[in-house]
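Chemist: Sequence plus predicted model, see below.
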Amino acid sequence: MAEPLIFDLNKDGRRGYALPALDVPALDPADHIPSRFLRQELPLPSLSELEVVRHFTRLSRLNHSVDIGFYPLGSCTMKYNPKVNENMARLPGFAHIHPQQPEETVQGALEMLKTLEDQLAEVTGMDAMTLQPAAGAHGEMTGLLIMKAYHKKQGNHKTKIMIPDSGHGTNPASCSMVGYEVINIKSDARGSIDIEDLKAKLSPDVAGLMITNPSTLGLFDENIGELASLIHSVDGLLYYDGANLNAIMGWTRPGDMGFDIVHLNLHKTFSTPHGGGGPGAGPVGVKKHLEAFLPNPRVVFDGKKYKLQTKCRESVGPVLGSVGNFLVLVRAFAYIMVNGREGLKNASAYAVLNANYMMARLKKTYHLPYDRFCKHEFVLSGKSLAQYGVKTLDVAKRLLDFGFHAPTIYFPMIVEESMMFEPTETESKGTLDCFMEAMEMIAREAAENPDNLKNAPLKTPVRRLDEATAARKPDINYFQRPE
Amino acid sequence: MTTKFTKEHEWAKLEGDTVTVGITDYAAHQLGDVVFVELPAKGSKLQKDKVFGTIESVKTVSDLYSPVTGEVVAVNDNLENNPALVNEEPMGAGWICKVKMANPSEFDQLLSEADYKKICD
Amino acid sequence: MATYIPTTPDELQEMLGAIGVKSIDDLFAEIPPELRLQGELNLPAGMSESEMARKVARLAETNETVDKNVCFLGGGAYDHIIPAVIDHILLRGDFFTAYTPYQPEVSQGTLQCIYEYQSLICGLTGMDQSNASLYEGATANVEAINMATAQTGRSKVLVLQTLNPEYRRVINTLNGALGVEIVTVPFEDGAVDPSRVQELMNDKIAAVVMQYPNFFGSIEDIERISEIAHAAGALSIVSANPIALGLIEAPGKLGADIVTGEGQPLGIPLSFGGPYLGFIAAKKALLRRMPGRIVGRTKDIDGKIGFVLTLQAREQHIRREKASSNICSNQALMALNATIYMSLLGRDGIKEVAYQSFQKAHYMKRELAKVEGVSFPFTGSFFHELVVKIPNARKVLGKMSKKGVFAGIPLDNWFTSLKDCVLIAVTEKRTKDEIDNYCNMLGGFING
Ligand SMILES: Cc1ncc(COP(=O)(O)O)c(C=O)c1O
């Protein structure tokens, strides 16, 4: 039985929560607020506390999650989210402080921020960080604003950013949001950036190159040194999308590869939970020559006290109304403390081990477009199943029946029928083996009984949904349903 | 009445000095379930080979390129409530707009059906 | 040190064998030697969970909390009562360890919650559609302005000076980067006189951005200002406090085209500024300009009701550089937080939180009026936040803070004309005793 909507559980007059009784003399609001500003109707539901608890508990059981099972969603780094971090984020000393409290009352919070900045700068090989951006895409926008401010100061006329065709959608979208035009660069036969294509398109109006390394194909681009020189030769900047940092922590650093700006996704690499789509945190790190442009406020330590500095003349300005998604930062901080230098390096080591272990076996069954060691993730193509009329989408849906989450599908766009697997370091060999057995079974099924795939999933709370009608006649607000 | 094509998968059907414009069967099939068509405004001026709207399916979005230069004299309002018409009858009830040509000789430059088919293969 | 890696040494050997390499190092061989990190990261060694928890707790303890102190701070984040139920549900791993609902068949929990969230936000704001959330209150206005410039083809916006100054800074940074010209409309008596908006309005203006209640707590005339905007073909963007909407009329009923806001008052802990919740809701005509994710209700192939991410062709993963917003991860869990809060408090509960906050703030004003030396620079209607002028305000605030009262936000942080003026917020959580004590203490420090 489907869980009813919260609105359908409404019972006028029911109360789910009691407030303390009003202990001050009451006025009639109508004497103090003009009547046209007084609320007429408030169409919210009324339920009891238990009904609310049951409703959301029942809904929660309809989700797949890392706590329930394997979640090999490529580019998303669905590693285990340590429970203790939730406790740390709920310490009253962090959770119950107001952003406008006097600085002397929040020294611990500021110290945490400063320490985390320094740690992330160390991991990425950068000189200074801001923790303000709320997610990866927000970090991208921030980094690009810094790039713009740099070029303005240099007196450079720059209008374009280069992005490989394997890049994530947020990369080009972020460029547009700060007013840069996008030039797409092709990938070569090894899945690296096509240097010849880049050279042909490189011009003095190129502001920078925005890439991940390893790329979204999970492949390390060995030419990164040359790429950096090329971009720097036109006084362009090299931007690192840190979504794939889980591949290289403690092994190599964006700063050492020649990157000038990086953003991280703490909700990927640093284990903070995704929460069904957020909140994340997208800190941005820069090299010394860009530090002055970082957003304000900046956390500074004057030897005695931590302070929030807002008067930074060259700063691009704040990109968020606060210091950042603070409690997400607390979780990442706890994660780094527990792991330490060797733990982070191990995390990357085992993430890469797990991905290669899977790739080595699955390439026997599915087409592997780039056959070389991968880093923390790899991309297969489902195109060999086309002969049975089966698509990557069908494979993904069938996996759900086995209790696994699907890989990322149809991204990156440069691989036909792509499936992108990222096992992460926190999965055991046993889990990977079971998953691969399922993948192999599905491949057999494609040949023997393709309808099983095309009809999948069969065992999930709902089956394939009518997305076309959903988009044609949007039903997105309970109060205004289409007929 | 002749129908000609663009390499961007639009068709144009000539009636006097006006053409009816839509997307081809091939394009409709490639897009999958069309969920929305961003129509040009009646009276707006279109430029040959320039984007005049977009068409969305569940998982993609494509630009619409005008086959000719001219003024939009009619748009297919039915698509607002029923974008599926583009899938059902792309070359008929799923038409997008009618354009009064500024330069009727442009029509002759479009692809013939045979030439267009070659592109699709 | 704790480890979250399950692989045993034996398994490691088996796995290396299956790959055909001798060691994990071999898998990193392609990284050119000159780029490899020499030695270790300069970080402390790892530690056990309990050691870490102790250290982090020590750090947290050095902060003064709103539990041990009494908080009269607002300015966009408010110390409301938070029901215990919320956190218990948020801590269900099924919610917080899930990703964005890309596979709807195994994400119906998240998806239905977002559908309910969207609907609740629409109900609260009086709008036609809401998205699945944005980062927070400031950036929500940035997105709203982007919608308005795209819709109108104009690139200038009027921003009332009574919009949260932190929000205005973020607008300057982010909308400014795209060349949007931002004109500030000054206030008088704690609110903007609509005739000021009228004077600056013309057919180049894409939108007017205002706050309701405004930064000073005053009830801005969003109805009249929306009319002025509409007459010139501009949109009306209202940043609303969701709790206030339990008492004051929905912006949708007063002419708003886009309503944004900070969802923190809906049961989200103060958290030193985040994670919070940006909401955005708009009128139907703006549907395809909405940023971010939207969940729709549909049916599965068996005819069973289900939910999916919909209208995705607007978004960055499809439209790439042509997308109107780059948002990907949003604040889904905070949207769930707000959804549970709204469901639990319900219609009567939200009304009562608003009503009590209003009553306590007005009681506070009456009591403050009795304190010698205190004055009120503004006279208009207000909700639960007010501006008070206190002699030597910064000094007095400092002394009150030492006595465990966070007494208000000094407004000369942002407004040079408001020296010695303090913004005070009073929620339903404050008690008569706390308010009385505040006033006594204040009197003592001013006059003692
Ligand atoms: C490669 C890459 N870049 C950027 C992003 C955007 O990050 P966020 O969702 O945190 O905004 C993602 C997220 O999926 C990603 O995989």
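Modeler: The structure has been received and is ready for your questions. Quantities reported herein were computed from a predicted structural model and do not represent experimental measurements. Numbers count the residues shown, from 1 in each chain, chains lettered A, B, ... in the order given.

Chemist: Quick check: residue A:36 vs residue A:86, distance?
Modeler: 45 Å (CB to CB, to the nearest Å). Where C-beta positions appear, they are placed from N, C-alpha and C, glycine not excepted.

Chemist: out of these two, which sits in the more crowded spot?
Modeler: With neighbours defined as other CB atoms under 10 Å in any protein chain shown, residue A:36 and residue A:86 compare such that residue A:86 has more, 19 against 13.

Chemist: now the more buried one, what's its secondary structure?
Modeler: helix (DSSP: H, G, I helix; E, B strand; the rest coil).

Chemist: Kindly report the same for residue A:139.
Modeler: helix.

Chemist: What residues does it make contact with?
Modeler: By CB atoms under 8 Å, 6 or more residues apart in numbering or on different chains, the contact set of residue A:139 is A:133, A:242, A:263, A:264, A:265, A:282, A:283, A:284.

Chemist: Tell me the spacing between it and residue A:287.
Modeler: 16 Å.

Chemist: Show me which residues of chain B sit near chain A.
Modeler: Within chain B, the positions adjacent to chain A are B:33, B:35, B:36, B:56, B:57, B:58, B:59, B:82, B:83, B:84 by CB under 8 Å from any CB of the partner chain.

Chemist: Mind doing that once more with 7 Å?
Modeler: B:33, B:35, B:36, B:58, B:83, B:84 (CB under 7 Å from any CB of the partner chain).

Chemist: between the residues you listed, which has the most around it?
Modeler: Ranked by neighbours (other CB under 10 Å), the residues of chain B next to chain A are led by residue B:35, which has 28 neighbours.

Chemist: For residue C:400, state which of the residues of chain B next to chain A is nearest.
Modeler: Using CB to CB, residue B:36 comes nearest to residue C:400 of these, at 56.8 Å.

Chemist: Report pLDDT for that closest one.
Modeler: Per-residue confidence at residue B:36 stands at 94 (pLDDT).

Chemist: tell me which element it falls in.
Modeler: strand B:34-38 (DSSP states H and E).

Chemist: Pull up the pairing partners for that strand, direction included.
Modeler: strand B:51-57 (antiparallel) (DSSP bridges).

Chemist: Name the nearest of the residues of chain B next to chain A relative to residue C:216.
Modeler: residue B:36 (42.5 Å).

Chemist: Residue B:54 is in contact with that closest one, correct?
Modeler: No - taking contacts as CB atoms under 7 Å, residue B:36 lies outside contact range of residue B:54: 8.2 Å.

Chemist: SS state for residue C:386?
Modeler: At residue C:386 the chain is in strand, as set by three-state DSSP.

Chemist: related to what we said a few turns ago, moving C-terminal of the strand holding residue B:36, what's the next helix or strand?
Modeler: By DSSP H and E, the next helix or strand past strand B:34-38 is strand B:45-46.

Chemist: Residue A:130 and residue C:446, how far apart?
Modeler: In this view, residue A:130 and residue C:446 are 39 Å apart by CB to CB.

Chemist: Between these two, which is the more surrounded one?
Modeler: Neighbour count, other CB under 10 Å: between residue A:130 and residue C:446, residue A:130 has more, with 32 against 18.

Chemist: got a list of what the residue nearest to the more buried one when sequence neighbours are not counted touches?
Modeler: Nearest non-adjacent residue to residue A:130, counting by CB to CB, 6 or more residues apart in numbering or on different chains: residue A:294, 4.7 Å away. Residue A:294 makes contact with A:128, A:130, A:146, A:286, A:315 under the criterion CB atoms under 7 Å, 6 or more residues apart in numbering or on different chains.

Chemist: Low-confidence stretches in chain B?
Modeler: Scanning chain B for pLDDT under 70 picks out B:1.

Chemist: about what we covered before: can you put the contacts of residue A:139 in TSV and add secondary structure, distance to chain C and pLDDT?
Modeler: What follows is the contacts of residue A:139, written out as TSV (DSSP: H, G, I helix; E, B strand; the rest coil; distance: CB to the nearest CB, whole Å; pLDDT from 0 to 100):
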residue	secondary structure	distance to chain C	pLDDT
A:133	coil	9	98
A:242	strand	13	97
A:263	strand	12	98
A:264	strand	13	98
A:265	coil	8	98
A:282	coil	8	98
A:283	coil	13	98
A:284	strand	13	98
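
Chemist: out of the residues you listed, who's near the ligand?
Modeler: A:265, A:282 (CB under 6 Å from any ligand atom).

Chemist: For chain B, which segments count as strands?
Modeler: B:3-5, B:10-15, B:18-23, B:34-38, B:45-46, B:51-57, B:61-65, B:70-75, B:97-101 (DSSP state E).

Chemist: okay, now residue A:389: neighbour count?
Modeler: 12.

Chemist: I figured it hits residue A:447, correct?
Modeler: No - using CB under 7 Å, residue A:389 makes no contact with residue A:447, being 10.9 Å away.

Chemist: mind listing what's buried in stretch C:380-400?
Modeler: By 16 or more other CB atoms under 10 Å in any protein chain shown, the buried positions in stretch C:380-400 come out as C:380-390, C:393, C:396-397, C:399-400.

Chemist: quick one: the helix or strand bottoming out on mean pLDDT in chain C near chain A?
Modeler: Every helix and strand in chain C was compared by mean pLDDT, DSSP states H and E; the lowest is helix C:316-319, with a mean of 90. Yes - interface with chain A: helix C:316-319 contributes C:316, C:317 (CB under 7 Å from any CB).

Chemist: which bits of the stretch 101-250 of chain A sit near the ligand?
Modeler: So far as CB under 6 Å from any ligand atom goes, the stretch 101-250 of chain A lies against the ligand at A:135, A:136, A:137, A:168, A:170, A:212, A:216, A:241, A:243.

Chemist: And those, which of them are buried?
Modeler: For those, buried by 16+ other CB under 10 Å: A:135, A:136, A:137, A:168, A:170, A:212, A:216, A:241, A:243.

Chemist: Tell me where the model's unsure across chain A.
Modeler: Ranges of chain A meeting pLDDT under 70: A:1.

Chemist: Phi, psi for the closest residue to residue C:92 other than its chain neighbours please.
Modeler: Leaving out its chain neighbours, the residue that sits closest to residue C:92 by CB to CB, 6+ apart is residue A:60, at 4.5 Å. Main-chain dihedrals, residue A:60, degrees, to the nearest 10: phi -60, psi -30.
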